[in-house]
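[1] Mind looking at a prediction? Sequence and model below.
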Amino acid sequence: AQSVTQLDSHVSVSEGTPVLLRCNYSSSYSPSLFWYVQHPNKGLQLLLKYTSAATLVKGINGFEAEFKKSETSFHLTKPSAHMSDAAEYFCVVTYNQAGTALIFGKGTTLSVSS
Amino acid sequence: KAGVTQTPRYLIKTRGQQVTLSCSPISGHRSVSWYQQTPGQGLQFLFEYFSETQRNKGNFPGRFSGRQFSNSRSEMNVSTLELGDSALYLCASSLGTGGVSTDTQYFGPGTRLTVL
């Protein structure tokens, strides 16, 4: 079965330091990959997506992710964390096959301290 | 452009009852998908509707059903509620023409269902 694994359930950083949220996916087929963010009591917002174009994907709010096929990874990074980045982040995979839906990771909670 | 709206935002029901949740997509979007979010299982896909037809379905029992109207608004129904149905139910809309691998999904704020 297709799957996606977020390697950390919780990440804590200080404001101004880099952010790294890790994600691995199963590699049966060519994937499309997404990162979504969910702030408390809000819906999910798309940060960025990879759909077989450039392997380094830039998203909103300074986030970016790199698709590494050899490592089946799609880690999310940001050079400098801001307090407003504190939220839950979901790595999502889907495959370009009929009947495939979005498959969500379990989520990583990012805490940012001042 | 208005975003995805879901009503009601909060709902409390008792076991055995049924419930209907509503989702209004972004104007021009023809696909609506529903997801269940729980602390234990995370986010799971329920079903997708496109042009009033169910196009895709997740692995949920038949108590969970949905429909889509000609204006693309969608409803989700859960019959014979169980305690385990307590969750945040999210809907997402998209243009629907490219499929989930290319169409960006725009999520609503969710309906928080509590089953007592």
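    All right, it came through fine.
[2] could you say which helix or strand contains the spatially most central residue of chain B?
    When Cα atoms, centre = their mean is applied to chain B, the residue found nearest the centroid is B:Trp34 (2.8 Å). Following DSSP states H and E, the helix or strand that holds B:Trp34 is strand B:31-38.
[3] quick one on the thing from earlier: the residue nearest to the centre of chain B touches B:Tyr89, doesn't it?
    Yes: using Cβ atoms under 8 Å, B:Trp34 is in contact with B:Tyr89, at 6.6 Å. Just so you know, the C-beta spots here come from the backbone N, C-alpha and C atoms, and that holds for glycine as well.
[4] joint contacts of these two?
    When contacts are counted by Cβ atoms under 8 Å, 6 or more residues apart in numbering or on different chains, B:Trp34 and B:Tyr89 are jointly contacted by B:Leu46, B:Met76.
[5] Any idea how many residues pack against A:Cys91?
    As a burial measure, A:Cys91 scores 28 neighbours (other Cβ atoms under 10 Å in any protein chain shown).
[6] What pairs with the helix or strand harbouring it, parallel or antiparallel?
    Using DSSP H and E, A:Cys91 sits in strand A:87-95. Strands flanking strand A:87-95 in the sheet, each with its direction: strand A:31-38 (antiparallel), strand A:103-104 (antiparallel), strand A:108-113 (antiparallel) (DSSP bridges).
[7] the inter-axis angle of the helix or strand that comes right after the longest one versus strand A:87-95?
    Read in the C-terminal direction, the helix or strand following strand A:31-38 is strand A:44-50, with elements assigned using DSSP H and E. Calculated by axes from the mean of the first three to the mean of the last three Cα atoms, to 10 degrees, strand A:44-50 forms an angle of 50 degrees with strand A:87-95.
[8] list the buried ones in the next helix or strand after strand A:44-50?
    Helices and strands here follow DSSP H and E; after strand A:44-50, the next one along the chain is strand A:56-58. By 16 or more other Cβ atoms under 10 Å in any protein chain shown, the buried positions in strand A:56-58 come out as A:Val57.
[9] which other helices and strands contact strand A:56-58?
    Contact analysis of strand A:56-58 by 3 or more Cβ pairs under 8 Å, 6 or more residues apart in numbering or on different chains; DSSP states H and E lists strand A:44-50, strand A:64-68 as its packing neighbours.
[10] So in chain B, where's the weakest helix or strand by average pLDDT?
    strand B:53-57 (a mean of 89; mean pLDDT, DSSP states H and E).
[11] Return the set of residues that bridge with A:Thr108.
    Beta-bridge pairing of A:Thr108 under DSSP bridges involves A:Tyr89.
[12] Any figure for the gap between it and B:Asn56?
    Going from A:Thr108 to B:Asn56 by Cβ to Cβ, to the nearest Å gives 26 Å.
[13] Chain neighbours aside, what residue packs nearest to residue 83?
    In the absence of a named chain, this looks at chain A. The spatially closest residue to A:Met83, leaving aside those adjacent along the chain, is A:Val112, at 5.2 Å (Cβ to Cβ, 6 or more residues apart in numbering or on different chains).
[14] oops, chain B please
    Here the residue nearest B:Leu83, using Cβ to Cβ, 6+ apart, is B:Val115, at 5.3 Å.
[15] Ok, B:Leu46 next?
    Once flanking residues are discounted, B:Leu46 sits nearest to B:Trp34: 4.1 Å by Cβ to Cβ, 6+ apart.
[16] Report the contact partners of B:Gly16.
    Residues counted as contacts of B:Gly16 (Cβ under 8 Å, 6+ apart) are B:Thr80, B:Leu81.
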